[in-house]
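A.B. asks: Give the three-dimensional model of this entry:
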Amino acid sequence: MRIWFLVLISIAACTAAEQQEPWTPDVAGRLEDPKIREASGLARSQRQPGLLWIINDNGAKEIVHAIDHAGKRLGETDLKKSRNMDWEDLASFELDDKPYLMIADIGDNDARHRQRTLYFVEEPRPEKKGKAKIDWQVDYEYPDGPRDAEAAAVDSANQRALILSKRDIPPLLYEVPLQTDSDQKVTATWLGAINSLPRPSRQDIEYAPKTKDWHWQPVGMDISQDNLAAVILTYRAIYYYERQPGQDWFDALNTRPVRISLGGFKNAEAIAFGDDQRTVFVTGENKHSRLLHIDLLGVTEP
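C.D. replies: Numbers count the residues shown, from 1 in each chain. Model prediction:
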């Protein structure tokens, strides 16, 4: 049963910002590894079912951590030839039948860095303390000046990364090629504004510096293995989208999504599909943060 069946029945008269859901995410476990202090990106494994990769935010070591679906530590890999200036998202994909991870060094709180970097590494195997060397990187700049971003995903069918800005209202979507013909910096392509996410009120914007509540800002994104579903994470909710065959992701992300509230979960930062497009995991930037599990198929059933 497709998720839109529920939408048409239960929230046909509501906007994305007004939808009220009768469900809440389940707690799958907690992040066991004390080294994961400020989780900022999450990705499913392309090699091993039941495995997730996770990264820390800026200032941490250049390490990807492996966990299971309950948050238990499975290992870590030190990524040589990379630099964690402000790692903010993580994605997995296959290219030429090989599994890869993309580490998105795209954070820029003050919008002062002209260049941002996407690192690519063949997905390692979980080891107690493994090492791997970055296979390649893509340095890019935005066509309209520096941007802060925390949400990135891989559109493998079109061999591109999609980057969603954080502080623009509405957020802006850009694309960056997964590979380039040279080591030269590339210019991201501006795709347009994503108007399907709820916008803050004037009061929200005015009081956010005092309350530390920027609930409308996107902080994570992922695309499913079959390239037909996507999720965007804000500080308050998950927004689920379906793409029709032949439809571009920019158009799909501007359709009305299904909204899943995070309830009282705070400091959400990372989201990823699980082993299929019906399962999503979310975690936050606190030490030993909860790992949330959402069964999207279960959400749509009566």
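A.B. asks: Could you list the low-pLDDT ranges of the stretch 101-250 of the chain?
C.D. replies: The stretch 101-250 of the chain contains no residues with pLDDT under 70.
A.B. asks: How many residues are close by N109?
C.D. replies: Neighbour count of N109, defined by other C-beta atoms under 10 Å: 12. C-beta here means a position set from N, CA and C on the backbone, and glycine is covered the same way.
A.B. asks: and it, how far is that from K133?
C.D. replies: Distance from N109 to K133, counting by C-beta to C-beta, to the nearest Å: 29 Å.
A.B. asks: With S224 instead?
C.D. replies: With C-beta to C-beta as the criterion, S224 and K133 are 29 Å apart.
A.B. asks: So for stretch 112-124, what gets flagged as buried?
C.D. replies: Neighbour counts over stretch 112-124 (16 or more other C-beta atoms under 10 Å) mark 113, 116-121, 123-124 as buried.
A.B. asks: With secondary structure and distance to I260 as new columns, can these be given to me in TSV?
C.D. replies: Below are those laid out as TSV (DSSP: H, G, I helix; E, B strand; the rest coil; distance: C-beta to C-beta, whole Å):
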residue	secondary structure	distance to I260
H113	coil	33
R116	strand	29
T117	strand	31
L118	strand	28
Y119	strand	30
F120	strand	30
V121	strand	31
E123	coil	28
P124	coil	31
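A.B. asks: mind giving me TSV with the residues you listed and columns for distance to G274?
C.D. replies: Shown next, in TSV, are the buried residues of stretch 112-124 (distance: C-beta to C-beta, whole Å):
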residue	distance to G274
H113	33
R116	28
T117	27
L118	23
Y119	23
F120	22
V121	21
E123	16
P124	19
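A.B. asks: between these, which is closest to R147?
C.D. replies: If you rank the buried residues of stretch 112-124 by distance to R147 using C-beta to C-beta, R116 comes first, at 8.2 Å.
A.B. asks: hey, what's the closest one bridged with?
C.D. replies: Using DSSP bridges, the bridge partners assigned to R116 are Y140.
A.B. asks: That one and E88 touch, don't they?
C.D. replies: No. Judged on C-beta atoms under 8 Å, R116 makes no contact with E88 at a distance of 9.5 Å.
A.B. asks: Common neighbours of these two, please.
C.D. replies: Counting by C-beta atoms under 8 Å, 6 or more residues apart in numbering, the common neighbours of R116 and E88 are 105-106, 149.
A.B. asks: which one of the residues you listed sits closest to T189?
C.D. replies: Of these, the one sitting nearest to T189 (C-beta to C-beta) turns out to be A149, at 14.3 Å.
A.B. asks: I'd say that closest one and I163 touch.
C.D. replies: Yes. Look at A149 against I163 with C-beta under 8 Å: they come within range, at 5.2 Å.
A.B. asks: Overlap in contacts, those two.
C.D. replies: Counting by C-beta under 8 Å, 6+ apart, the shared contacts of A149 and I163 are 104, 106.
A.B. asks: What mean pLDDT does stretch 285-295 get?
C.D. replies: The average of the pLDDT scores along stretch 285-295 is 93.
A.B. asks: what sits up against it?
C.D. replies: With contacts defined as C-beta under 8 Å, 6+ apart, stretch 285-295 is touched by 25-32, 34, 36-40, 57, 67, 69-71, 238, 260, 262, 265-267, 269, 274, 278-284.
A.B. asks: Can you give the distance from that stretch to the centre of its chain?
C.D. replies: 14 Å (C-alpha atoms, centre = their mean, to the nearest Å).
A.B. asks: distance between the ends of that stretch?
C.D. replies: 22 Å (C-alpha to C-alpha, to the nearest Å).
A.B. asks: picking that back up, filter the contacts of stretch 285-295 down to the buried ones and hand me the PyMOL line.
C.D. replies: Selecting the buried subset of these in PyMOL, with 16+ other C-beta under 10 Å as the burial test, is done by:
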select buried, resi 25+28+29+31+36+37+38+39+40+57+67+69+71+238+260+262+265+269+274+278+279+280+281+282+283+284
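A.B. asks: Can you tell me which of the contacts of stretch 285-295 end up in strands?
C.D. replies: Of the contacts of stretch 285-295, the ones assigned to strands by DSSP state E are 26-30, 39-40, 67, 238, 260, 269, 279-284.
A.B. asks: quick check, distance from the lengthiest helix in the chain to the centre of its chain.
C.D. replies: With secondary structure taken from DSSP state H, the chain has its longest helix at helix 202-211. Its chain's C-alpha centre and that of helix 202-211 lie 25 Å apart, by C-alpha atoms, centre = their mean.
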